[in-house]
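Asker: Please work out how this folds:
(chains A, B and C)
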Amino acid sequence: MGILDNLNDMQKKAAAKVDGPVLILAGAGSGKTRTVTYRIAHMVLEKGISPYKILAVTFTNKAAKEMKERVEAIIGEDAGKILVSTFHSFGVRLLRMYGSQLGYEPNFNIYDTDDQKKLISDIMKRIGINDKNLKPATILGNISKLKEDGIGPEEIETKFYMQNIKDVQAVYKKYNSALIKNNAMDFSDILVNTNKLLDIPEIRERIQERYHYVMVDEYQDTNNIQYKIVNKIASKYRNLCVVGDEDQSIYGFRGANIENILNFEKDYPDAYVVKLEQNYRSTENILKAANNMIKLNESSKGKNLWTEKNGGDLINMYEARHARDESNYVVDEIYKLLKKGKTYKDITILYRTNAQSRIFEETFIRTGIPYKVFGGMQFYQRKEIKDVIAYLNLINNPKDGLSLSRVINIPKRKIGAKTIEKLQIFAEENDISVFEAISKMDEVGVPSSAKLGLQHFYNTISGIIEESECLSVSEIYDRVLKDTGYIKYLEIEDDKADVRIENIEELKNSIYEMEKEEESLTLSEYLEKTSLVAATDDLDEGDNYVKLMTIHNSKGLEFPVVFIVGMEDEMFPSSRAEFDPKELEEERRLCYVAITRAEEKLYFCYATERDIYGRTSYMRQKSRFIDEIPSHLIEMKNAVIERVEKVENKMAKPAEKIENFNPLKAKVEDNNSPYSRGEKVSHKKFGLGIVRAVEDGQRIVIEFREGLKKFPLMAADKFITKL
DNA sequence: TATATCGTTGTTTTT
DNA sequence: CAACGATATA
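Answerer: All right, here's what the predicted structure looks like:
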């Protein structure tokens, strides 16, 4: 009786094959984590492999933590010797040790997306790019892509199709050198530089010798640079085990390359391939829905998930008149579920975009349902938190000019944009940090009104830096608040002071928590953790509340009851994916992920009206994905008419109406019409619009920014152009 | 330099 | 609806 007898036949095969390249194609809910943890346990306990030799890479900290705990439950404290880490944490770890070879100091800071955008917009201003069509976010997207494809600013060739290539190139160059000057890395740098380190023969060999066995989870979501990193480390001993599911590849937009998993057998012709198809999570009906949908994807290699949980409830579908009604319906259903013995923590609401959480939050607050939103405007992105973190960043790494410029005038010290610019220019010309430039403010020639504030700022920060060596993170944190008077500043200047101060308290608690777990937590480590947290890292299955999150954030999780809301065309699939077959496939995979999160009960909801940008969008259609599921698996709950009456009676704010227009009676499609529903058009006066209906072949209804408009079809061509 | 007010514009998805 | 930027004014 060995450890692996706890697994089913296929899982056992996957876990027993320890040497050489292994590809585990693990369908949703097929016991992937179980297989991998038993595989590791088998390696250590039965194969005599040193746990130090094992590296397991996961996608989130939560997954890493869970894997470590589950291995520990089988093999005991030896589990602590295995390195289970995310790509980014692994990279940072390496870069703290060897980053000096690339010109970084070990206390480098990590910039998140907001920091990156700020830096880029500063650079754009400085070099005088004020093209309205060229937003920092766009340039950032280009830069990240180039970086991760290994293309430096010098190497951009005209063959790359990219608008404003010259501007991108100029910003890219400055951006990179600014990061280095600031002793900072962005998310891409962490991966790119890790890869660079592995190109240094001594380091590569050291790592290869350290980790004879490499495992990668969620391999379908690795990007090109992660692919390089993994394959470099594993190239010597070739003990590479990758686990994934091509049908769950949903991060294409950030560079994930589904080809990595599809081509594994080409990369390693001797790969041992195992498919895990028995699903332990969901009922038969839920799985059938998922299977039927995903088989429409060309990217799908084809697999057939099966389960012993025969039958099960049908998928419950509800058409709401308005998004408000949708959330009310969900609340009604939650109450029913509670009566049937479910608790709040069994229930999760999934949606395509973060903005959708809002209406549910309002409804849950009104009805007293406990809930928690994961992701979205994250804790660490809030203004007050970013301010305090910026102070800590600056103390950790005084070269960080970006963090400096964020807080130099917060609280107000009479230091304006002009003064900061002068300091920046001086710093650049003399090749020193901005912080150092402050100490030479007489040479810089700052306005005399700013001098006192600058001096004060400088003294405060350098005072804390001097002492920081012998202070804990929470002590440094206290010093920052006290010495800068930040709380007082909020009380005086900020009308949301109470909430912000509460958040700052919460930040302090989180520091305490971390220090409890790790006594010798350094400032640098703390900051690293805060920049690499994922939305669901702090999800605790024990807490009793309804969970709300995007489908992306739900990957790897499972819940007894799942509501997938906003199942409307233009929302899901996203309007941006409509015309691109590849993106549509990714949306479909996303839907597949959503469906396969559910264990027992699955709901689809959509609304025919919904407020978007403060305006109502009418006649929204149910998602095409719903039609891809066999109708006998779906139970339609309410006919729209019946519901409309009910809702109109209780709606506080009736939906806007245009004269003589009844959305319910309007003919939605007309095959003889030159226009079709959902088509995007442009109008001379009203701008962009979407065709909502063609009435009796006579009139066309178009939704514009300022609402619905009707035109006689005959005259439409004069004003309207198809896009 | 700091604030007030108006107008524009946008929304996928995230480590 | 917000968040952000540009412009005006103290």
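Asker: For the rest of this, base every contact and every neighbour count on C-alpha atoms.
Answerer: OK.
Asker: a helix runs through residue A:490, doesn't it?
Answerer: Yes: membership of residue A:490 in a helix is supported by DSSP: H, G, I helix; E, B strand; the rest coil.
Asker: That one: neighbouring residues, count only.
Answerer: 18 (other C-alpha atoms under 10 Å).
Asker: Over to the one 3 residues further on?
Answerer: A total of 12 residues lie near residue A:493 under the criterion other C-alpha under 10 Å.
Asker: what's the answer for the one 4 residues further on, then?
Answerer: If you count neighbours by other C-alpha under 10 Å, residue A:497 ends up with 17.
Asker: quick one: contacts for it?
Answerer: By C-alpha atoms under 8 Å, 6 or more residues apart in numbering, residue A:497 lies in contact with A:490, A:491.
Asker: which residue packs closest to residue A:302, ignoring adjacent ones?
Answerer: Closest residue in space to residue A:302, ignoring its immediate chain neighbours: residue A:295 at 6.7 Å, by C-alpha to C-alpha, 6 or more residues apart in numbering.
Asker: Now the one you found, what are its backbone angles?
Answerer: Backbone torsions of residue A:295, given as degrees, to the nearest 10, read phi -70, psi -10.
Asker: So it versus residue A:206, what's the distance?
Answerer: Residue A:295 sits 44 Å away from residue A:206, taking C-alpha to C-alpha, to the nearest Å as the criterion.
Asker: do the same with residue A:359
Answerer: In terms of C-alpha to C-alpha, residue A:359 sits 53 Å off from residue A:206.
Asker: Settle it for me: which of those two has more neighbours?
Answerer: residue A:359 (16 against 12).
Asker: Let's verify that one: helix, strand, or coil?
Answerer: When classified by three-state DSSP, residue A:359 comes out as helix.
Asker: what's the pLDDT at it?
Answerer: For residue A:359, the pLDDT comes out at 89.
Asker: Surely it and residue A:324 touch.
Answerer: Yes: at 6.9 Å, residue A:359 counts as touching residue A:324 under the criterion of C-alpha atoms under 8 Å.
Asker: before we move on, back to that, could you report the pLDDT at the residue nearest to residue A:302?
Answerer: 88.
Asker: and the closest residue to DNA strand B within the stretch 201-350 of chain A, how far is that from residue A:721?
Answerer: Residue nearest to DNA strand B within the stretch 201-350 of chain A (C-alpha to the nearest atom of the strand): residue A:253, separated by 4.8 Å. Per C-alpha to C-alpha, residue A:253 is found 30 Å from residue A:721.
Asker: just checking, next helix/strand downstream of the lowest-mean-pLDDT helix or strand in chain A?
Answerer: Least confident helix or strand, chain A: helix A:640-650 with a mean of 41, by mean pLDDT, DSSP states H and E. The helix or strand immediately downstream of helix A:640-650 is strand A:680-683, counting by DSSP states H and E.
Asker: other SSEs contacting the helix or strand residue A:170 falls within?
Answerer: Using DSSP H and E, residue A:170 sits in helix A:165-181. When contacts are defined as 3 or more C-alpha pairs under 8 Å, 6 or more residues apart in numbering; DSSP states H and E, helix A:165-181 sits against helix A:113-126, helix A:136-148.
Asker: Now the first one: average pLDDT?
Answerer: By that I understand helix A:113-126. The model assigns helix A:113-126 a mean pLDDT of 84.
Asker: Can you give me the buried ones in that helix?
Answerer: For helix A:113-126, the neighbour count (16 or more other C-alpha atoms under 10 Å) marks A:115, A:116, A:117, A:119, A:120, A:121, A:122, A:123, A:124 as buried.
Asker: surely the fourth one meets residue A:402?
Answerer: Yes: with contact defined as C-alpha under 8 Å, residue A:119 reaches residue A:402; the gap is 6.9 Å.
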